[in-house]
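Chemist: Predicted model follows, preceded by the sequence.
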Amino acid sequence: MISNQNKIIIGSRSSPLAQKQVEIFLDSLGKVHGKEIFSKIEKRYFKTAGDKLLHSNFMDFGYKGLFTKEIDEALVKKEITFAVHSLKDLPTKLPRNLEIVAVLRREEVNDVIVSKNFQTLEEIASNSVVGTSSLRRYIQLKKFRKDLRIKEIRGNVDTRIKKVFDGEYDAVILAAAGLNRLGGLYPFKKINVKTIVPAAGQAAIGIVAHKNSNQNYLLKNINHPQTFEEVMCERNFLEALDGSCKTPIGANAKLKYNSKGKILFRYMVSSNDFKNFFKGIDYFDSNSCTSQSYDLGSVLKKKINE
């Protein structure tokens, strides 16, 4: 039963994808607590600093929290009850007294390529102009296809894809999860995670709340334990590297049930000048993944700064 508390105010970004993710979260709440919970819910959408910065180069996006800060500030002030985030946008260090209380079941983690001719990354023609707003994707694309021209692209998903079909770009790299959540309106080809390692937390929706809030019981049964374990492993790796949007970092953890609870950990990290580049896989014990991934990140941090 739902306790007789004040309204439950859900906060998130105002982008179409963010609003869709709020609906996914609410659907999960409804399945656990019944439709009666919807009468208590109010939604608030925020324009973040990242939403306002439509024209900037890669290195200007130098800090995590670009798409989350305003929302979490509202949470700190108790203007909202829960914040719904794309977990890959969330800083590893949250404001005091806030925590990730639940993570929804993860979508597919791959990046994808959207092009007019529905081509794979391997098939797209030499000298093609490919759009991305991510340093992580940029450096891995350059390593895999040196013959491509990588150009920054900004805007929401629809805006970026329109630029492809308007001829400004030959292709754009996006996350499969976002396209799937928006209804799969655009055809795409998946990129193997061996080619482009996803961002830490990619494809996962995280719910942030006050620690010990009397409303957090609502989230207990919507948390997906496997996804939670995997993304915390990835976020600890990111934390060890002091990861920001200025540092190209990829991290993907996958629990392998047929390997006695081992977690396959795929990673990529580069120095800011791209001279020191490391990419590989490791296997961690599921019960110590967070500490092992942190240790790996600490070792790689020294190497990229040599």
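Modeler: Nice, I can see it.

Chemist: in the sheet, who's paired with the residue lying closest to residue 197 once chain neighbours are set aside?
Modeler: Among residues not flanking residue 197 along the chain, residue 250 sits closest, at 3.0 Å (CB to CB, 6 or more residues apart in numbering). Just so you know, the C-beta spots here come from the backbone N, C-alpha and C atoms, and that holds for glycine as well. Note on residue 250: beta-bridge partners by DSSP bridges are residue 268.

Chemist: which ones are touching residue 250?
Modeler: When contacts are counted by CB atoms under 8 Å, 6 or more residues apart in numbering, residue 250 touches 136, 140, 196, 197, 198, 199, 200, 266, 267, 268, 269, 279.

Chemist: Go through those and give me the one with the most neighbours.
Modeler: residue 200 (30 neighbours; other CB atoms under 10 Å).

Chemist: Please look at it and residue 231 and confirm they touch.
Modeler: Yes - with contact defined as CB atoms under 8 Å, residue 200 and residue 231 form a contacting pair (7.3 Å).

Chemist: any shared contact partners between these two?
Modeler: Joint contacts of residue 200 and residue 231 (CB under 8 Å, 6+ apart) do not exist.

Chemist: my guess is residue 120 contacts residue 113, does it?
Modeler: Yes - applying CB under 8 Å as the test, residue 120 and residue 113 come out as touching, 6.8 Å apart.

Chemist: Need the residues touching each of the two.
Modeler: Residues touching both residue 120 and residue 113 comprise 189, 191, with contact defined as CB under 8 Å, 6+ apart.

Chemist: Against residue 36, how distant is the residue nearest to residue 197?
Modeler: 42 Å (CB to CB, to the nearest Å).

Chemist: again with residue 246
Modeler: Distance from residue 246 to residue 36, by CB to CB: 46 Å.

Chemist: can you pull out the strands in the stretch 151-300 of the chain?
Modeler: Under the criterion DSSP state E, counting those that start in this stretch, the stretch 151-300 of the chain contains strands at 171-175, 189-190, 205-210, 249-256, 262-270, 277-285.

Chemist: Mind giving me the packing neighbours of the first one?
Modeler: When contacts are defined as 3 or more CB pairs under 8 Å, 6 or more residues apart in numbering; DSSP states H and E, strand 171-175 sits against strand 111-115, strand 129-132, helix 157-165.

Chemist: what pLDDT, on average, does the first one get?
Modeler: Average pLDDT, strand 111-115: 96.

Chemist: Partner strands of that strand, with direction?
Modeler: Partner strands and pairing direction for strand 111-115 (DSSP bridges) are strand 171-175 (antiparallel), strand 189-190 (antiparallel).

Chemist: And those: which comes nearest residue 108?
Modeler: For these, proximity to residue 108 was assessed by CB to CB; strand 189-190 is nearest, at 7.7 Å.

Chemist: Output the top helix by length along the chain as CSV, restricted to C-alpha atoms.
Modeler: Using DSSP state H to define each element, the chain has its longest helix at helix 16-33. The C-alpha trace of helix 16-33 is given here as CSV (Å, rounded to 0.1, in the frame of the first residue of the first chain):
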residue,chain,number,x,y,z
PRO,A,16,12.1,13.8,-25.4
LEU,A,17,14.4,10.9,-24.4
ALA,A,18,14.5,12.0,-20.8
GLN,A,19,10.7,12.3,-20.7
LYS,A,20,10.4,8.9,-22.2
GLN,A,21,12.7,7.5,-19.5
VAL,A,22,10.4,9.1,-16.8
GLU,A,23,7.5,7.2,-18.3
ILE,A,24,9.5,3.9,-18.2
PHE,A,25,10.2,4.6,-14.5
LEU,A,26,6.6,5.4,-13.8
ASP,A,27,5.5,2.2,-15.6
SER,A,28,7.8,0.3,-13.3
LEU,A,29,6.3,2.0,-10.2
GLY,A,30,2.8,1.2,-11.4
LYS,A,31,3.6,-2.5,-11.9
VAL,A,32,4.9,-2.8,-8.3
HIS,A,33,2.5,-0.4,-6.4
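
Chemist: which helices and strands sit right next to the helix or strand that that helix is followed by?
Modeler: Per DSSP states H and E, the first helix or strand lying C-terminal to helix 16-33 is strand 41-46. Taking 3+ CB pairs under 8 Å, 6+ apart as contact, the helices and strands that strand 41-46 lies on are strand 8-13, helix 16-33, helix 69-76.
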